[in-house]
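J.: build me a structure from this.
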Amino acid sequence: MELHSPREVASFALSLLDLTNLRDDCDDAAIETLCARAQTPYGAAAAICIWPRFVAYARGILGHGHKVRIATVVNFPGGDLPVAAVVEETRKAVEDGADEIDLVIPYRKLMAGDEQAVTDMVEAVRAACPQSCLKVILETGELKDASLVGRGSELAIAAGADFIKTSTGKVSVNATLEAADSMLRAIRASKKRIGFKPAGGISTVADADLYLRLAESTMGPNWLMPSTFRFGASSLLDDILGVLSGAPASRASTGY
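T.: Sure, this is the predicted structure:
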């Protein structure tokens, strides 16, 4: 897919956006606002991404079969809950109406060399939500090392992830192009239909364009679509709407 102008990039990025509110002070009013913001005059975001406690409320607003999907987070943000607790969290979220589950792996255990902990967690959550899209968060800013990011990607894919996602947005380093490169290479090597979601720190259409170009150069033309690529962001929509309404495009941020 060739995207030439900032407006074309903005329109496409909107269709790939998981519009996110994972703030500690989120409340029902904020969820109402998020659901409304996800439906713009230029088209709808792919999904909203919210705390599990708001899933039922959001489903009541959006109804069933809505084009905007509901994603929620489990084992979030620390990645350190027991498997049984995360499975219960997942089942409850699905019962409440979540379409997609964003799971944080036990990344500290991976850093300590315990690969089995990652496999056990992802496999258990996969089994708990067999019909849901499962996005697995690696927390790449904490893993740091490209080889460890690649290995985490491989483990998540092998255990049943539908997507691999960079970050929670809750640590000092979130999405980076370096981590994205490692993850996309792992997806390509797997020869499976696995999606990629950069999240955290992506706030401009120019930022989004960098990730789209990297993904296309790695995965080839026509790979990019909502079923294989998402942006996790809370502020990206502001710049998208600005560009689509005719405002000058912002420069790429340097806060990676």
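
J.: contacting residues for Thr40?
T.: Thr40 makes contact with Leu14, Leu237, Leu241, according to Cβ atoms under 8 Å, 6 or more residues apart in numbering. (C-beta placed from N, C-alpha, C; glycine too.)

J.: the last one sits in which helix or strand?
T.: Yep, that's Leu241 we're talking about. helix 236-244 (DSSP states H and E).

J.: can you tell me what sits against that helix?
T.: 6-7, 9-11, 13-14, 17, 19, 37, 40, 42, 45, 202-205, 207-208, 249-250.

J.: out of those, which end up buried?
T.: Burial by neighbour count, 16 or more other Cβ atoms under 10 Å: within the contacts of helix 236-244 this picks out 6-7, 9-11, 13-14, 17, 19, 37, 40, 45, 202-205, 207-208, 249-250.

J.: what is the end-to-end distance of stretch 63-83?
T.: 30 Å (Cα to Cα, to the nearest Å).

J.: buried residues in that stretch?
T.: Quick answer for stretch 63-83 (16+ other Cβ under 10 Å): 66, 68-76, 79, 81, 83.

J.: as a markdown table, those residues with secondary structure, pLDDT and distance to Ile164 would be great.
T.: Output for those, formatted as a markdown table (DSSP: H, G, I helix; E, B strand; the rest coil; pLDDT from 0 to 100; distance: Cβ to Cβ, whole Å):
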| residue | secondary structure | pLDDT | distance to Ile164 |
| --- | --- | --- | --- |
| His66 | coil | 90 | 26 |
| Val68 | coil | 98 | 22 |
| Arg69 | strand | 98 | 18 |
| Ile70 | strand | 98 | 20 |
| Ala71 | strand | 98 | 14 |
| Thr72 | strand | 98 | 17 |
| Val73 | strand | 98 | 15 |
| Val74 | strand | 98 | 15 |
| Asn75 | coil | 98 | 15 |
| Phe76 | coil | 98 | 15 |
| Gly79 | coil | 98 | 14 |
| Leu81 | coil | 98 | 20 |
| Val83 | helix | 98 | 19 |
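
J.: of those residues, closest to Phe196?
T.: Ala71 (14.8 Å; Cβ to Cβ).

J.: could you pull out the strands in the stretch 51-200 of the chain for me?
T.: 69-74, 100-104, 133-137, 163-165, 195-197 (DSSP state E, counting those that start in this stretch).

J.: which one of those strands lies closest to Tyr57?
T.: strand 69-74 (10.1 Å).

J.: orientation of that closest one relative to strand 100-104 in degrees?
T.: 20 degrees (axes from the mean of the first three to the mean of the last three Cα atoms, to 10 degrees).
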